[in-house]
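Visitor: Structure of the sequence below:
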Amino acid sequence: MAIILGIDPGSRKTGFGIISTHGDQYDYIASGVINVAKFEFSERLLRIYESVREITEKYSPEILTIEQVFMGKNANSALKLGQARGAAIVAAMQGGLTFAEYMPTEIKQAVVGTGAAKKEQVQHMVTQILKLSATPQEDAADALAAAICHAHTVHTLIRNSGTRTQKVSSWRQFKPEEKS
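Guide: Residues are numbered from 1 along each chain as shown. Below you'll find the model as predicted:
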């Protein structure tokens with residue numbers, strides 16, 4: 001069993017979702033949105049960091065999976081997104097989590113079956129896969145989708161290779177160095 005924390009980073013709203021895995025079975029633990037829109041940017045980063053630290057302390061996930069930054073039309077937005085993402089990553093890494101990242105299209109492909117899926121489609125499939133009684137908010141659903149994507153990727157690698165040591169180029173996994 002593994003507990004996975006998925007993060008959908010944002011400089012105004014950061015979604016989080018936590019699942020546990022048992023082979024190819026995924027169980028919902030928690031999800032939500034860290035809403036920091038009303039604060040100045042530096043305060044937003046601090047609150048994202050603190051919130052992710054609280055989440056990791058409360059739920060004890062082993063793995064952080066997060067969307068990679070993509071470059072849209074607005075470079076300033078991409079930079080802010082990258083900084084919010086960094087705050088979440090540092091918080092999780094300080095908690096000793098293993099780290100994996102995926103492109104948004106990889107996450108959508110794993111959950112919906114197409115990398116061009118709309119937000120509503122991701123919400124619907126996350127609700128179905130995790131057998132939720134209500135549809136999660138968009139950002140929370142995207143975070144849960146990131147966690148499901150990682151669980152699915154690892155399960156598929158294990159099933160196809162028969163070993164837990166196989167690596168694949170579509171995701172990178174980092175483990176913080178052990179402290180002496």
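Visitor: next helix or strand past the helix or strand containing Gly86?
Guide: According to DSSP states H and E, Gly86 maps onto helix 75-94. Once helix 75-94 ends, the next helix or strand along the chain (criterion: DSSP H and E) is strand 98-102.
Visitor: And that next one, what does it pack against?
Guide: Using 3 or more Cβ pairs under 8 Å, 6 or more residues apart in numbering; DSSP states H and E, the elements in contact with strand 98-102 are strand 63-67, helix 75-94, helix 138-161, strand 172-174. All C-beta atoms are positioned from the backbone trio N, CA, C, and that covers glycine.
Visitor: could you redo the last one with a cut-off of 6 Å?
Guide: Applying 3 or more Cβ pairs under 6 Å, 6 or more residues apart in numbering; DSSP states H and E, one finds that strand 98-102 makes contact with strand 63-67, strand 172-174.
Visitor: which of those has the lowest average pLDDT?
Guide: Mean pLDDT per stretch puts strand 172-174 lowest among these, at a mean of 49.
Visitor: Next, find the distance separating the nearest residue to Gln94 once chain neighbours are set aside from Gly95.
Guide: Leaving aside its sequence neighbours, Gln94 sits nearest to Arg53 (Cβ to Cβ, 6 or more residues apart in numbering; 7.0 Å). Distance, Arg53 to Gly95, by Cβ to Cβ, to the nearest Å: 7 Å.
Visitor: Over to Glu120?
Guide: Distance of Glu120 to Gly95, computed by Cβ to Cβ: 32 Å.
Visitor: Could you export the helix or strand where Lys108 lies as CSV, CA atoms only?
Guide: For Lys108, the host element (DSSP H and E) is helix 104-112. Listed next in CSV are the C-alpha coordinates belonging to helix 104-112 (Å, rounded to 0.1, in the frame of the first residue of the first chain):
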residue,chain,number,x,y,z
PRO,A,104,-0.7,17.8,-17.7
THR,A,105,-1.4,15.8,-20.9
GLU,A,106,0.1,12.6,-19.3
ILE,A,107,-2.2,13.0,-16.3
LYS,A,108,-5.3,13.6,-18.5
GLN,A,109,-4.3,10.6,-20.7
ALA,A,110,-4.0,8.3,-17.7
VAL,A,111,-7.3,9.3,-16.1
VAL,A,112,-9.6,10.2,-19.1
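Visitor: contacts for the helix or strand following it?
Guide: Downstream of helix 104-112, the first helix or strand assigned by DSSP H and E is helix 119-129. When contacts are defined by Cβ atoms under 6 Å, 6 or more residues apart in numbering, helix 119-129 is touched by residues 111-112, 135, 138, 141, 144-145.
Visitor: All good on my end, thank you.
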